[in-house]
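Engineer: return a 3D structure for these sequence lines:
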Amino acid sequence: MLGLEIPVDPDAETARRWLTDELADSAYQETEGLIPRILRWISELFSGSGSVDLGIGWLTLIGALVVAVVVAIALVVAGPLRRARRARTAEAVLGETTLSAQEWRERAAAAARSQDHATAVLDAFRALVRSLEERALLDERPGRTAAEAAHEAEPRFPAHAPALHDAGRVFDEVCYGDRPGSLGDYERMAALDATLADERPAVLA
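Structural biologist: Numbering: from 1, shown residues only. All right, here's what the predicted structure looks like:
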């Protein structure tokens, strides 16, 4: 819902003040192109010398137009945000770090004890990926993403393919702030790591 209330019967001064306040918002100041020109034109209708006689019908119409412009701005801003969010998922899991799987596990457990569940979840997944690299089930590739790691590990552990897929998804959601991370998330991630560590991988043809 938009936090915008339209007066039922605004006078010209009220409508002018309302538009001026809206135009002062940083979202409008940062948006270039057709939308600001429309807003300036509407504002000029109220800031003129009184040559334009606006009745209630016109005020209502202009108020509705302002609402439509606000919605348009929201859509314009939301597009880049959605694209940025999709782009974030390309970030690597391990990067250039050289910690061993056991070191990642210890870091994850320490974070869980301090109730930093987000860090615990991320480090537990890193431990899982590093463990697979140490066992030569995955090649050591610093740029590998969570989704790639899960996808590449699935043929080795087909019975755990859904769990691997979920683990990669949870890593991304926690890493990019879409999910806070919980003790349960960490425990499931650590349990999957332990299960895979004890299980014989499938032999690839």
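
Engineer: do I have it right that Tyr172 meets Ala150?
Structural biologist: I think there's a mix-up here, since residue 172 is Asp and not Tyr. No: judged on CB atoms under 8 Å, Asp172 makes no contact with Ala150 at a distance of 10.0 Å. The way it works is simple: take the backbone N, C-alpha and C, and place the C-beta from them, glycine included.

Engineer: so Ala109 touches His117, yeah?
Structural biologist: No: with contact defined as CB under 8 Å, Ala109 does not reach His117; the gap is 11.9 Å.

Engineer: more neighbours, the two?
Structural biologist: Legend: neighbour count by other CB atoms under 10 Å for Ala109 and His117, higher for His117 (19 against 16).

Engineer: tell me the secondary structure for the closest residue in space to the more buried one that isn't next to it in sequence?
Structural biologist: In space, and not counting its chain neighbours, His117 is closest to Gly181: 4.3 Å by CB to CB, 6 or more residues apart in numbering. Under DSSP: H, G, I helix; E, B strand; the rest coil, the three-state class of Gly181 is coil.

Engineer: repeat that for the one 10 residues further on.
Structural biologist: Under the three-state scheme (three-state DSSP), Ala191 adopts helix.

Engineer: just the one 10 residues further on next, same as before
Structural biologist: The local conformation at Pro201, judged by three-state DSSP, is coil.

Engineer: chain neighbours aside, what residue packs nearest to it?
Structural biologist: Nearest non-adjacent residue to Pro201 (CB to CB, 6+ apart): Arg156, at 4.1 Å.

Engineer: low-scoring stretches of the chain, by residue?
Structural biologist: 1-64, 66-67, 69-92, 95-96 (pLDDT under 70).

Engineer: so what are the domain limits for this structure?
Structural biologist: The chain is divided into the following domains under automatic domain parsing: 12-88, 101-198.

Engineer: count the residues that sit near Val203.
Structural biologist: For Val203, using other CB under 10 Å, the count is 6.

Engineer: also Ala197?
Structural biologist: 15.

Engineer: isn't it up against Arg130?
Structural biologist: No: counting by CB under 8 Å, Ala197 sits too far from Arg130 to count as a contact (11.0 Å).

Engineer: who has more neighbours, Asp172 and Ala150?
Structural biologist: Ala150 (24 against 20).

Engineer: ok, the more buried one to Thr98 distance?
Structural biologist: 22 Å (CB to CB, to the nearest Å).
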